[in-house]
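In: Sequence first, then the predicted structure:
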2 protein chains.
Amino acid sequence: MPASELTIGFDADDTLWHNEVYFERVHERYRELLAHYHEAATVDRTLFATEMRNLPLYGYGAKGFMLSAIETAVELTNGKISAEEIRQLIVLGHGMLAHPVELLDGVAETLAELAGTYRLLVITKGDLHHQERKLARSGIAAHFRQVEIVSEKDEGTYAALWRRHGIDARRFLMVGNSLKSDIVPVLALGGAGVHVPYHLTWAAERVEKVPEGGANFFQIKTLRELPAVVRAWAAGRA
Amino acid sequence: MPASELTIGFDADDTLWHNEVYFERVHERYRELLAHYHEAATVDRTLFATEMRNLPLYGYGAKGFMLSAIETAVELTNGKISAEEIRQLIVLGHGMLAHPVELLDGVAETLAELAGTYRLLVITKGDLHHQERKLARSGIAAHFRQVEIVSEKDEGTYAALWRRHGIDARRFLMVGNSLKSDIVPVLALGGAGVHVPYHLTWAAERVEKVPEGGANFFQIKTLRELPAVVRAWAAGRA
């Protein structure tokens, strides 16, 4: 790989394909299931607290979510939840893991256009097995030179990844829907970031403040706008 | 990295540190918990069947095991298991994820001795987050040039990994407790394998037949014997 090559990293969930929308559907079913015990706000708040408490142990991903949901259901019902309801939670989780991979608008065309000129990487956190399965079924895997599934996306992760791939921060652009995971740490290290908001954001990924990235920070509405941003960015690095 | 460098890959669970022994303890508690519903053999058989059925969805690791154990408990008790018992299963699972990392005999000394001369890698499957946490707490992470956590250890995985790291099969030696995951695919691709049996083997990792690896296949009792094997192997590759 020539050192001068420009690299574009892509987040996966809610950047390349829909994800949070499936979690949201499961949340809805979960609230319904517990509706005769508690109101929705209590269910949501308690589940989120359980998820955050278990995060150091479980990490990100659907399996940890399912386990936290079962634990919360036992807790919220004072042990009155039935085995049949637990079984329904497990079935819900299976659905979450097996849902079809539905690409976001413009993803396939944009990747096909960029792959000829730039080194494209997937950089995603979450469950290794689940993310690999989604990528395998996505139909876009061939566009990526490498897939990096990591347990956290912070400055340390990006720095280690760049070292490993011989990437210069100034020649790296990250594209993703999460300001916290995809943009803020990359800007802090001197890279560039393109924020593509998704209409839903998991509470743990929310940040209060849009970062000040100056000339290194871009916001677009869909991946269809990415090639133009990339061209502008690349022109400054020729 | 010079192309001539010799690389040694190490499996992690039950090769570097104890793992199956913790699963076995959880199995014991699990059998006790279900003892008033079914005898141990039925519990074991049904749990294993659930695990194998869910493997394509969950992949390897403790969280998938926990979910399969909860699902099996609901099934085996015809829905009579109580929420309190489900809660106990979750607590059991937490214990499994949080257990201390206990290195196997000779591991620390052997790695320290080999790291100066060879490129050492960890190549392990399982849960990304859990494996990273274990490695971080192991005290031996600094000996490894790279950690590869993969979702399956078959010929395709090794071939892709070697391509990525510029490793020649003839200059690669894999060390592990699983003939199926650590030895058979590596020998098939022309690499070398050192089998270090652990006293427990998960049913899904058992193979009937010890491979015929000729001069590329070694068996040792503990990692203390590894440096001598490595020297003999390396002498043939000078």
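Out: Thanks, I have the structure now.

In: just checking, what packs against the longest helix anywhere in chain A?
Out: In chain A, assigned by DSSP state H, the helix with the most residues is helix A:40-58. For helix A:40-58, the packing partners by 3 or more C-beta pairs under 8 Å, 6 or more residues apart in numbering or on different chains; DSSP states H and E come out as helix A:20-33, helix A:62-76, helix B:83-98. In short, each C-beta sits where N, CA and C put it, glycine included.

In: Now tabulate those helices in JSON lines and tack on distance to B:Y37, mean neighbour count and mean pLDDT.
Out: Putting those into JSON lines (distance: least, C-beta to C-beta, whole Å; neighbours: other C-beta atoms under 10 Å in any protein chain shown; pLDDT from 0 to 100) gives the following:
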{"stretch": "helix A:20-33", "distance to B:Y37": "25", "mean neighbour count": "16", "mean pLDDT": "93"}
{"stretch": "helix A:62-76", "distance to B:Y37": "19", "mean neighbour count": "23", "mean pLDDT": "96"}
{"stretch": "helix B:83-98", "distance to B:Y37": "10", "mean neighbour count": "18", "mean pLDDT": "93"}
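
In: any chance of those helices in CSV, with distance to B:M174 too?
Out: Below are those laid out as CSV (distance: least, C-beta to C-beta, whole Å):
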stretch, distance to B:M174
helix A:20-33, 38
helix A:62-76, 28
helix B:83-98, 26
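
In: mind checking which of these is nearest B:L187?
Out: helix B:83-98 (31.8 Å; C-beta to C-beta).

In: For the next helix or strand after the closest one, list every residue counted as buried.
Out: Scanning forward in sequence from helix B:83-98 by DSSP states H and E, the next helix or strand is helix B:107-115. For helix B:107-115, a neighbour-count test (16 or more other C-beta atoms under 10 Å in any protein chain shown) marks B:107-108, B:110-111, B:114-115 as buried.

In: and what of stretch A:181-201?
Out: Result for stretch A:181-201 [16+ other C-beta under 10 Å]: buried residues A:181-187, A:191-196, A:198, A:201.

In: nearest to chain B, of those residues?
Out: Nearest to chain B out of the buried residues of stretch A:181-201 is A:S181 (C-beta to the nearest C-beta; 14.9 Å).

In: doesn't A:K125 make contact with that closest one?
Out: Yes: counting by C-beta atoms under 8 Å, A:S181 does reach A:K125; the two are 6.8 Å apart.

In: and the longest strand for chain A?
Out: When every strand of chain A is counted residue by residue (DSSP state E), the longest turns out to be strand A:119-125.

In: what packs against it?
Out: strand A:7-10, strand A:146-150, helix A:155-165.

In: need the next SSE after that strand, C-terminal direction.
Out: helix A:128-138.

In: Close to chain B: what parts of chain A are there?
Out: Proximity of chain A to chain B, by C-beta under 8 Å from any C-beta of the partner chain, involves residues A:57-61, A:63-64, A:66-67, A:70-71, A:73-75, A:77, A:79-84, A:86-87, A:90, A:93-94, A:97-98, A:127-130, A:132, A:146, A:149-151, A:164.

In: Got the domain ranges for chain A?
Out: Using automatic domain parsing, the domains assigned to chain A come out as A:7-17+A:101-235, A:20-98.

In: quick one on the thing from earlier: what sits in contact with each of A:S181 and A:K125?
Out: The contact sets of A:S181 and A:K125 overlap at A:K153 (C-beta atoms under 8 Å, 6 or more residues apart in numbering or on different chains).

In: how about the residue located most distally from the centre of chain A, secondary structure?
Out: Centroid-distance maximum for chain A: A:K80 at 34.5 Å, with C-alpha atoms, centre = their mean. Secondary structure for A:K80, judged by DSSP: H, G, I helix; E, B strand; the rest coil, is coil.

In: Is it correct that it is in contact with B:S82?
Out: No: counting by C-beta under 8 Å, A:K80 does not reach B:S82; the two are 9.6 Å apart.

In: ok, A:A203 - contacts?
Out: A:F48.

In: roughly how far apart are it and A:P197?
Out: Noted for A:A203: a distance of 15 Å to A:P197, by C-beta to C-beta, to the nearest Å.

In: repeat for A:E148
Out: 23 Å.

In: Same check on A:A204?
Out: 16 Å.

In: What of A:L187?
Out: 16 Å.

In: pLDDT wise, what is A:M1 at?
Out: As predicted, A:M1 sits at a pLDDT of 45.
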